[in-house]
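Undergrad: based on what follows, work out the 3D shape:
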Amino acid sequence: MNENNFPEYITFPRTFEKYKWYKPILVFIIGTIVYIILQVLLLVIFGQAYGFDNIFALVTQGYESLNSEVGSYIGYLSVAIFIPSLYIASKIVRDRPFSSYSSSRGGWNWKLFFKALSIPLAVYLIYEIISALIHGQRGPNTLTPTFFVICLIIIPLQCIGEEYIMRGLVMQTFGSWFKIPVLAVILQSIVFTSLHPYSILGVIGVFVQGIFLGFLAWRSNGLEVSSALHSVNNLMSAYAVALGFEISSSVITPYDFASTIIVTLISALGLYYVGTRKGWFEEKTEKLW
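TA: Just a heads-up that it's a prediction; the model follows:
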């Protein structure tokens, strides 16, 4: 075993046996402290720019805050800072290289990430077009070039950050403790679901999505493919809301629930089938990230 790269970590072999079981907990605790500090700084910056009363009103609205431009920026950046939080914590605890959270192929593979965007992007575009034709506009069109570009940058970072925590730290930790991949996939999805305060249908939908994302991370030996699917899902949702074809809400309708499950299922199976046939998941990464 190469101690620097931790090969095959995400298939949950006996990779971490010589490492103390409590070290991932230390990473989580220190990462949480760093995250709180960064989150406070983020809110202070936005508070200075837009007024603290306005920012407080936005952050207490739940998913409804994503219907506004500033609320979207805060929401997405609040998750994107998971990346530096985990990075700093891993450096402090020094139980394993930060790159080992990315994949067993030698770190983060941007080429794989961008290739994996293609399949869910095609599926979600078809769905959004059909949905728009059926339902029409539900709200005003507020999409601006600035919002489009900023979301194109920060939403993938938000999704990658969430993948690093959920399918990286959490799923890998459960996998190293229990040595049962399926159990680790289920447990991380439970944690993932607990962080999304939707109505009951939304909670079930997030749990199912978490299972799909965990499955992709496990079978692709890394986070790039699950991050690609996650990024397309959130990007398309953000743009659909900005165009007025969707409304962000904590209450999920049966139609939204069913469509989310179907689109996620088709995208995940398509990614797994094409990725396996094309050998995407075996590609090595030259540089660690």
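Undergrad: so who does the most centrally placed residue in the chain touch?
TA: Centroid-nearest residue in the chain: Cys159, 3.2 Å away (criterion: CA atoms, centre = their mean). With contact set as CB atoms under 8 Å, 6 or more residues apart in numbering, Cys159 has these partners: Val79, Ser227, His230, Ser231, Asn233, Asn234. For glycine as for every other residue, the C-beta is placed from the backbone atoms N, C-alpha and C.
Undergrad: just the pLDDT at it, thanks.
TA: Note for Cys159: predicted pLDDT of 97.
Undergrad: quick revisit: which one of the contacts of Cys159 is nearest to Gly107?
TA: Proximity of those to Gly107 was ranked by CB to CB; the top entry is Ser227 with 13.5 Å.
Undergrad: tell me, how many residues neighbour the closest one?
TA: 29 (other CB atoms under 10 Å).
Undergrad: only alpha carbons, please: show the helix or strand where the residue nearest to the centre of the chain lies as CSV.
TA: Assignment of secondary structure by DSSP states H and E places Cys159 within helix 145-163. The C-alpha trace of helix 145-163 is given here as CSV (Å, rounded to 0.1, in the frame of the first residue of the first chain):
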residue,chain,number,x,y,z
PRO,A,145,-25.2,37.6,-16.6
THR,A,146,-23.5,38.3,-13.3
PHE,A,147,-25.7,35.7,-11.5
PHE,A,148,-25.1,33.2,-14.3
VAL,A,149,-21.3,33.5,-14.2
ILE,A,150,-21.0,33.6,-10.4
CYS,A,151,-23.2,30.5,-10.0
LEU,A,152,-21.2,28.7,-12.7
ILE,A,153,-18.2,29.1,-10.4
ILE,A,154,-19.5,28.8,-6.8
ILE,A,155,-22.1,26.1,-7.3
PRO,A,156,-19.7,23.4,-8.4
LEU,A,157,-17.4,24.4,-5.5
GLN,A,158,-20.4,24.1,-3.2
CYS,A,159,-21.2,20.6,-4.5
ILE,A,160,-17.6,19.5,-4.4
GLY,A,161,-17.3,20.8,-0.8
GLU,A,162,-20.4,18.8,0.1
GLU,A,163,-19.0,15.7,-1.6
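Undergrad: which parts of that helix are buried?
TA: For helix 145-163, the neighbour count (16 or more other CB atoms under 10 Å) marks 147, 150-151, 154-163 as buried.
Undergrad: kindly report the same for stretch 250-257.
TA: Ile252, Asp256, Phe257.
Undergrad: and that stretch, how far apart are its ends?
TA: For stretch 250-257, the separation between the terminal residues is 12 Å (CA to CA, to the nearest Å).
Undergrad: residue numbering should commence at 29 henceforth.
TA: That works, and once the first residue is 29, the last one we named lands at stretch 278-285.
Undergrad: break down the protein into its helices, ranges please.
TA: 51-78, 80-87, 97-108, 110-121, 138-163, 173-191, 199-206, 209-222, 228-248, 252-271, 282-306 (DSSP state H).
Undergrad: follow-up on the earlier one: can you add distance to Ala117 and pLDDT and give the buried residues of stretch 278-285 back as TSV?
TA: Putting the buried residues of stretch 278-285 into TSV (distance: CB to CB, whole Å; pLDDT from 0 to 100) gives the following:
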residue	distance to Ala117	pLDDT
Ile280	33	89
Asp284	35	90
Phe285	35	94
